[in-house]
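Chemist: just a sequence and a predicted model for now, questions to come.
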Amino acid sequence: MLLAAGVTVSKMPASVSHTLQWSGDDVDLTTVDHQINELRKDLSRRLDDVSPVVTHVFNLVVYTDSVDLAEQVAADLASVSRRHPSRAIILIADRWHPESPIDAEVRLMCAAGTGGGPPLCFEQVFVKVQGRAADHLASVVVPLLMPEVPTYLWWPGQPLFGHRLFHRLLASADQLVIDSGQFRSPGDGLNDLARLCTGRYGVHDINWGRLKPWREIIAQFFDAPQLAPYAYAIKSISIVFGQGGGDYGKSTAGLLLMLGWVASELGMEPETTLDTVATRDVSLSLLQGNSLIDIDVNFRDVGVKLGGRLMSIELNAQTRDGPEALFYVRRSSDLLHAHVSMRVGTDSEIKRVVALDIKEDPVLLADELAAAGHDHLYERVVEMAARIAGREVWLPE
C-alpha cells in the first residue's frame, strides 16, 4: 500500500492546503465509497470555520503499473487541481501477484479558495488491483465513478491497443488522454490512434500540445497574402531534434506529428516512409502534386534536458514566378524563446525573437483535460502521421 491503514491529516505543498487520507488492505468497493463519504464529513468537522466545497468537473481514470508512477500522476494532478477539480481514480495493476486482493487509499484534498472563498476539495482514489482481479479493471472502476459527469481515461505510456484490458476500461469513459511522446513504437501507436479516432471517443494528446507553439509560428509565416503561395511551393524541410538522453521515441513521435500536420494541411502525400524509430539522421520525402519535397531529419547533442525535443525547423520554398524564400525557427539557448527569420529573394532577412511558450507537462495535461469531443484537425494529422510512418489499413481481397 502507499500509506499505512488509518486516517491522517497533513499539509501539502503548492496548490493543495490540506488532505485527509484513509487506506485499507483487501477491501471491497462499497467500503471505499463509504470511506470517501466519511472523509468528507471529517473534513467539515475539522474546518469548522469554513464550509469546504467538494466539486467534480469530471471523473478521471488513470492506468499505471507501479506505485512510483501512481505517485507521479497524483502529484501532477494535485498541481492542476484548482483548474480541474475531479474525482481521480488511479489504478495500480499487478497481474503477477499470486492472490487477488484489492487495496485502496483515498485522499480528500483541498486547495485554498480564491479571494477568501471556501476551500475547493477533490478526491484521489488509489486502487491497487492484483492477481486475476487485474484482468477486470473496468468492473473495479465503474462503482467508483461519479454519475452524470464525463469520464476521461488517461493512459501514460503507450496504451495496450487491441487488448481487452484497455478497451474495457475505455468503454467506461468518454474521452482518452495520451502522450504520444511516450510511445515505444510511435508509428504503430499513431496508427492505432487513427483507427480509434473514427469511433465515438475524443482523443487528446499531450504531445500535440507541446508542438502547438511551433505550429503557430510556422503558420504565421504564410499569413500575409503575398507569402501565402509559398506554403504550396515548399521544396525542402530540414528538422533538428535534440539527441541527448537517447529519447528517440519522443523525437520520432514529434517528427511524425509535425510532418503529418504539414502534409495534411497542404495536400501532400508520403513518398518515402519512416518505418521504425529514428535513431540517427534520416531523409524522407513527400509529394505535393508532381513536386517532390525533401525532408532532412538531423539529431544534435544539446544535453540530456533537450533529448527528444524539437530544436529547429527550416522550410525552403519557391513559387513558379517568384524568388526563393527561406523560413527558419530555432529554439534559443534559454529554451524559452525562438529565433525566427525569413528571407525572400534578395530582400534583407527579417528576424525576430518570440516567446516559445513550451508549457510544463502538468499544464499541458490540464489543457487536454479542458478539451472535449473530437479534435478533427488532430485526427487528420494522426492519420497522415501514421501513413508517413509506413502504416496503412490493409484488408485482404
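Modeler: Sure thing, it's come through. Numbering: from 1, shown residues only.
Chemist: which residues in the stretch 101-250 of the chain form helices?
Modeler: Applying DSSP state H, counting those that start in this stretch to the stretch 101-250 of the chain gives helices spanning 137-141, 164-171, 186-196, 206-210, 212-221, 248-266.
Chemist: now those as CSV including mean pLDDT and distance to residue 29?
Modeler: For the C-beta atoms, the positions are set from N, CA and C on the backbone; glycine is no exception. Output for those, formatted as CSV (pLDDT from 0 to 100; distance: least, C-beta to C-beta, whole Å):
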stretch, mean pLDDT, distance to residue 29
helix 137-141, 93, 7
helix 164-171, 94, 16
helix 186-196, 95, 28
helix 206-210, 95, 30
helix 212-221, 96, 39
helix 248-266, 96, 36
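Chemist: just tell me which of the ones you listed ends up closest to residue 302.
Modeler: Closest approach to residue 302 among those (C-beta to C-beta): helix 248-266, 11.8 Å.
Chemist: so what does the closest one touch, helix or strand wise?
Modeler: The criterion is 3 or more C-beta pairs under 8 Å, 6 or more residues apart in numbering; DSSP states H and E, and the helices and strands that helix 248-266 contacts are helix 186-196, helix 206-210, helix 212-221, strand 234-242, strand 282-288, strand 291-300, strand 310-318, helix 376-388.
Chemist: what's the spacing between the third one and its chain's center?
Modeler: Here the centre of mass of C-alpha atoms in helix 212-221, compared against the chain's by C-alpha atoms, centre = their mean, to the nearest Å, lies 19 Å away.
Chemist: packing partners of that helix?
Modeler: With contacts defined as 3+ C-beta pairs under 8 Å, 6+ apart, helix 212-221 has these neighbours: helix 248-266, strand 310-318, strand 324-331, strand 337-344.
Chemist: in this protein, where is pLDDT below threshold?
Modeler: Segments of the chain classed as low confidence (criterion: pLDDT under 70) are 1-17, 47-56, 112-118, 394-397.
Chemist: using CSV, list the CA coordinates for stretch 28-42.
Modeler: C-alpha atoms of stretch 28-42 as CSV (Å, rounded to 0.1, in the frame of the first residue of the first chain):
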residue,chain,number,x,y,z
ASP,A,28,-14.4,-4.1,-1.2
LEU,A,29,-15.5,-1.2,-3.3
THR,A,30,-18.5,-0.5,-1.1
THR,A,31,-16.1,0.2,1.8
VAL,A,32,-14.1,2.6,-0.4
ASP,A,33,-17.2,4.6,-1.4
HIS,A,34,-18.2,4.7,2.3
GLN,A,35,-14.8,6.0,3.4
ILE,A,36,-15.0,8.8,0.8
ASN,A,37,-18.2,10.0,2.4
GLU,A,38,-16.7,9.6,5.9
LEU,A,39,-13.7,11.7,4.9
ARG,A,40,-16.0,14.5,3.6
LYS,A,41,-17.8,14.6,7.0
ASP,A,42,-14.5,14.6,8.9
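Chemist: gap between that stretch and the chain center?
Modeler: Stretch 28-42 has its C-alpha centroid displaced from the chain centroid by 31 Å (C-alpha atoms, centre = their mean).
Chemist: what's the domain layout of the protein?
Modeler: Domain assignment of the chain by automatic domain parsing yields the ranges 6-173, 210-355.
Chemist: so which of these gets nearest residue 374?
Modeler: Distance to residue 374, taken as C-beta to C-beta, is lowest for domain 6-173 among the domains of the chain, at 13.7 Å.
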